[in-house]
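Peer 1: Here is a sequence with its predicted model. Questions after.
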2 protein chains.
Amino acid sequence: MNSQKQVRSLHQRKYRSLSNQFIIEGSRSIASAIDAKAQIESIFYTLDFSKKNPSMIEMVNSIPSKIVSSKEIDKLSPSITPSGILAVCKIPKYQSFNKSKNIIFLDRVSDPGNFGTILRTAIWFGIDQIGYSSGSIDPYNPKVVRSAMGAHFNISWLGELSLDQIKEYKILGADHRGKSIESINHDNEKWALVMGSEPHGFSKSTHSYLEELVAIPKIGKGESLNIGVSMGILLYKLTT
Amino acid sequence: MNSQKQVRSLHQRKYRSLSNQFIIEGSRSIASAIDAKAQIESIFYTLDFSKKNPSMIEMVNSIPSKIVSSKEIDKLSPSITPSGILAVCKIPKYQSFNKSKNIIFLDRVSDPGNFGTILRTAIWFGIDQIGYSSGSIDPYNPKVVRSAMGAHFNISWLGELSLDQIKEYKILGADHRGKSIESINHDNEKWALVMGSEPHGFSKSTHSYLEELVAIPKIGKGESLNIGVSMGILLYKLTT
């Protein structure tokens, strides 16, 4: 069982890394963690939460738990609007990187909501290896975890990567100046889909590895799509 | 030129509604507003911003402007991380609702980032009429505006709506229990695509209007996709 001081320390990347733990919040994410047999170390919830969610409390009853006041949960939670329940989990032990599977590569994606949405979307389309460049946000940042909705527990590999390490892949870059995704077919080769950050696009070093730029047709107006939306459309087209 | 007190009042829905004005922030959104010939009433920026972005300052030089300190911009901005420039705009005067065009309908979407991403995505795919149910977030909320990236100025109609008013449309609901989007074709009829809120789904009254449920194939794992991502994929399929 973690102390409350330990939980609060996990708001910072340094301590997440040192203790190899991170915080997940809310019923949906915690339920996903349990389903995926994640290693949950401690659970904290309010009395009010337990009254409104008896089935959730039933589900976590074998895990070391503590009922805390709503003032205490406010302090434990990294969120501005705590949900009444949070859990401390071990950072998953991933399988080793599998070069026979496709991969998503995130180039300096620093927005936590986008990073989390990307994990959630990748998992939906069966892409469970995610690499990211240096300069990306920590994937265990609480806001990433919240948007990912449990995706962390369904990933087979997640880590910092250089595109140099995956040169045998067909390296595709999402870019509105590219070839329309309509005309692209990569069913018969391993691909890495590279997403640049908003609004900067690809870093120079990343750009040099891109073999093909793929674009989503624009029917109306606008400068660009949100990175999570773009990746969703590209993955839909690449995987279905 | 708005007073600083007036600008701060626009953080609240009530005053946005009373004055028919809202705040936009950041170079990209302000550039979109200028491109779309939006009615910009005042601009506030810091000296530091003007030094780093001379072309932006050039672009806004015909609009009443004031240089403010970074402390002042912190107070004027509804954002936790102000970008150094903000503008007060008139809420656009939309055209009247056009029943010969397709429409997006948002059922109690309360997350501002999602609402904004939806506007941005709809515009990209040429859907420029957006209706929303009562109980949805104010579309001029600063966080909606930030995620929408200027989409507000490229919409032809945006307003509260009841599905009863558009019964002549084919009313499609996004739902993972529906028919796969692969097998659906609505090229020859007017459709309204209805998006429910996360995690609640459709309200009962909305549900009764849905004629067909459309789903995005799940190749991997997860309970659902983010609402903006789902809508992006569905619109890609419906419009391209």
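Peer 2: Yep, that arrived. Treat the numbers as computed from the prediction; the structure is a model and nothing was measured.
Peer 1: how close does the residue of chain A most remote from its centre get to chain B?
Peer 2: Summary for chain A: using C-alpha atoms, centre = their mean, the residue whose C-alpha lies farthest from the chain's mean C-alpha position is A:K51, with a distance of 30.6 Å. Distance of A:K51 to chain B, given as C-beta to the nearest C-beta, to the nearest Å: 20 Å. C-beta here means a position set from N, CA and C on the backbone, and glycine is covered the same way.
Peer 1: go on, A:N102?
Peer 2: In this structure, A:N102 and chain B are 11 Å apart, going by C-beta to the nearest C-beta.
Peer 1: Mind telling me what element the residue farthest from the centre of chain A is part of?
Peer 2: helix A:47-52 (DSSP states H and E).
Peer 1: A:L235 too?
Peer 2: Element membership of A:L235 [criterion: DSSP H and E] is helix A:227-239.
Peer 1: mind saving the C-alpha coords of that helix as CSV?
Peer 2: Below are the C-alpha coordinates for helix A:227-239, written out as CSV (Å, rounded to 0.1, in the frame of the first residue of the first chain):
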residue,chain,number,x,y,z
ILE,A,227,-3.3,14.9,-34.8
GLY,A,228,-5.5,12.2,-33.1
VAL,A,229,-8.2,12.6,-35.7
SER,A,230,-5.7,12.4,-38.5
MET,A,231,-4.1,9.3,-37.1
GLY,A,232,-7.5,7.7,-36.6
ILE,A,233,-8.5,8.2,-40.2
LEU,A,234,-5.1,7.0,-41.5
LEU,A,235,-5.2,3.9,-39.3
TYR,A,236,-8.8,3.1,-40.3
LYS,A,237,-7.6,3.2,-43.9
LEU,A,238,-4.4,1.3,-43.3
THR,A,239,-5.9,-1.5,-41.1
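Peer 1: now for it, which elements pack on it?
Peer 2: With contacts defined as 3 or more C-beta pairs under 8 Å, 6 or more residues apart in numbering or on different chains; DSSP states H and E, the packing partners of helix A:227-239 are helix A:112-124, strand A:170-180, strand A:191-195, helix B:112-124, helix B:227-239.
Peer 1: Tabulate the ones you listed in TSV, adding columns for mean pLDDT.
Peer 2: Output for these, formatted as TSV (pLDDT from 0 to 100):
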stretch	mean pLDDT
helix A:112-124	97
strand A:170-180	95
strand A:191-195	97
helix B:112-124	97
helix B:227-239	97
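Peer 1: Looking at those, which is nearest to B:H186?
Peer 2: Taking C-beta to C-beta as the criterion, B:H186 comes closest to helix B:227-239 out of the helices and strands packed on helix A:227-239, the separation being 6.5 Å.
Peer 1: Near chain B, which residues of chain A are found?
Peer 2: Taking C-beta under 8 Å from any C-beta of the partner chain, the part of chain A that reaches chain B is made up of A:28, A:32, A:113, A:117, A:120-128, A:147, A:149-151, A:154, A:182, A:199, A:216-226, A:228-230, A:232-233, A:236-237, A:239-240.
Peer 1: Now do the nearest residue to A:I137 once chain neighbours are set aside, the pLDDT please.
Peer 2: Counting by C-beta to C-beta, 6 or more residues apart in numbering or on different chains, A:S110 is the residue found nearest to A:I137 once chain neighbours are left out, at 5.0 Å. In the predicted model, A:S110 carries a pLDDT score of 93.
Peer 1: part of a strand, is A:S110?
Peer 2: No - the secondary structure assignment for A:S110 gives coil rather than a strand, going by DSSP: H, G, I helix; E, B strand; the rest coil.
Peer 1: can you pull the contacts of it?
Peer 2: Residues in contact with A:S110 (C-beta atoms under 8 Å, 6 or more residues apart in numbering or on different chains) are A:G135, A:S136, A:I137, A:S197.
Peer 1: Distance check, the residue farthest from the centre of chain A against A:I57.
Peer 2: Between A:K51 and A:I57 the computed distance is 9 Å (C-beta to C-beta, to the nearest Å).
Peer 1: cool, and A:Y209?
Peer 2: Applying C-beta to C-beta, the value for A:Y209 to A:I57 is 49 Å.
Peer 1: how about the helices of chain A, start to end?
Peer 2: Counting by DSSP state H, the segments of chain A that form helices are A:4-9, A:13-19, A:27-35, A:47-52, A:54-59, A:70-76, A:112-124, A:142-148, A:204-207, A:227-239.
Peer 1: most tightly surrounded among those?
Peer 2: helix A:112-124 (a mean of 26; mean count of other C-beta atoms under 10 Å in any protein chain shown).
Peer 1: Would you mind getting the angle between it and strand B:170-180?
Peer 2: Using axes from the mean of the first three to the mean of the last three C-alpha atoms, to 10 degrees, one finds that helix A:112-124 and strand B:170-180 are set 50 degrees apart in direction.
Peer 1: which strands and helices sit next to helix A:112-124?
Peer 2: Under the contact criterion of 3+ C-beta pairs under 8 Å, 6+ apart, helix A:112-124 touches strand A:103-106, strand A:129-132, helix A:142-148, helix A:227-239, helix B:227-239.
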